[in-house]
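[1] coords please:
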Amino acid sequence: MTDPYSNLDGFTVKIDAEQKRGDIILDRGEYNTISMAQRDQLKAVFEALDADDRVRVIVVRAVGKHFSSGGYIMGFLEASPEHVSKLAWNIAAPARCSKPVIAANRGYCFGVGFELSLACDFRLVTETTQYALPEQKLGQIPGSGGSARLQKIVGITRTKDIVMRSRRIKGQQAYDWGIATEIVADGELEAATDALVKELVTFSPLAQRTAKKLLNDTEDSTLAIAIELEGHCYSRLRSSEDFAEGVKAFHEKREPDFKGR
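    You can find the predicted model right below:
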């Protein structure tokens, strides 16, 4: 059987079973450009980590000072229209993944690097972080979900400001606008990532999966539909072993031992 974590183009995968985490580590030179082939592989790796019982939380991070300056530009001219049409689906893999996904962003986080991060559940930034969708400078627009996801987070006015002017948004502003989950000192990014992983693995895997899917599925729904779906999810979880364990642990004043069932 082929190892889904080997022979990767411009990134590696590290699994720490003890910490219940899987890291996708961008590693291609100073700016960690993302190739066309790499996008396909990222999708496959997210799917493999989602199915890997050793992993509870997935982290996307990078080697060096920059998360990613974006994609390999000439790859767009070399790729077929059919391949290009799948770009957004590939980069949306973190959102489809049932497990929590953290993006640890420092330095440049441009183009597809930003789009990949926007598809994650949590974005940790530092004072060195710069987000941008610079495609207008190439006579193009974001093609992997960037403008669509960003508009859901910050609204149409700020999205136009970022997309139509190819503006760079620094870490503090990204946090103030609600793009980033947390901002920390540059030297504390790894520690902050570790702390978030350790926090997330303490929760019920079943409740985490349910919450993520519910929030993603109801993002575009009316309030009434969102409340209705929330009620159905709540009802299902009430019959789970994890909920029974959580209630029991609460009354016994101990940490719960969740199994994801």
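[2] any buried residues in whichever strand or helix holds Gln172, and which?
    With elements taken from DSSP states H and E, the one containing Gln172 is helix 171-176. Judged by neighbour count using 16 or more other CB atoms under 10 Å, the buried positions of helix 171-176 are Gly171, Gln173, Ala174, Tyr175. Placement of C-beta: from N, CA and C, glycine included.
[3] dump that helix to CSV, restricted to CA.
    What follows is helix 171-176, C-alpha atoms only, in CSV (Å, rounded to 0.1, in the frame of the first residue of the first chain):
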residue,chain,number,x,y,z
GLY,A,171,-0.9,40.4,11.8
GLN,A,172,-2.4,42.9,14.3
GLN,A,173,-4.9,44.2,11.7
ALA,A,174,-5.8,40.6,10.8
TYR,A,175,-6.5,39.9,14.4
ASP,A,176,-8.5,43.1,14.9
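[4] mind splitting this protein into its structural domains?
    Split into domains by the TED database, the chain comes to 11-202, 205-252.
[5] mean confidence (pLDDT) on the shortest one, please.
    Looking back up the chat, that one is domain 205-252. For domain 205-252, mean pLDDT rounds to 93.
[6] go on, stretch 11-21?
    96.
[7] what residues does it touch?
    By CB atoms under 8 Å, 6 or more residues apart in numbering, the surrounding residues in contact with stretch 11-21 are 5, 22-28, 38, 41-42, 45, 49, 52, 54-59, 197-198, 201.
[8] and if you look at stretch 25-36?
    By CB under 8 Å, 6+ apart, stretch 25-36 touches 9-14, 42, 60-72, 75-76, 78-79, 83, 108, 112-113, 116.
[9] Produce a ChimeraX select command limited to the buried residues of those.
    This is how ChimeraX selects the buried members of the contacts of stretch 25-36, with burial counted by 16+ other CB under 10 Å:
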select :10,11,13,42,60,61,62,66,67,68,69,70,71,72,75,76,79,83,108,112,113,116
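[10] please list the members of the contacts of stretch 25-36 that lie in strands.
    In this view, the contacts of stretch 25-36 that belong to strands under DSSP state E are Phe11, Thr12, Val13, Lys14, Val60, Arg61, Ala62, Tyr108.
[11] run through the bridge partners of the second one.
    Which is Thr12. Ile25 (DSSP bridges).
[12] measure it to Asn32 for me?
    12 Å (CB to CB, to the nearest Å).
[13] how about the fourth one?
    When distances are taken as CB to CB, Lys14 and Asn32 turn out to be 16 Å apart.
[14] same check, this time on the fifth one
    As for Val60, its distance to Asn32 is 11 Å (criterion: CB to CB).
[15] tell me which residue is most central in the protein.
    Centroid-nearest residue in the chain, with CA atoms, centre = their mean: Cys120, separated by 1.6 Å.
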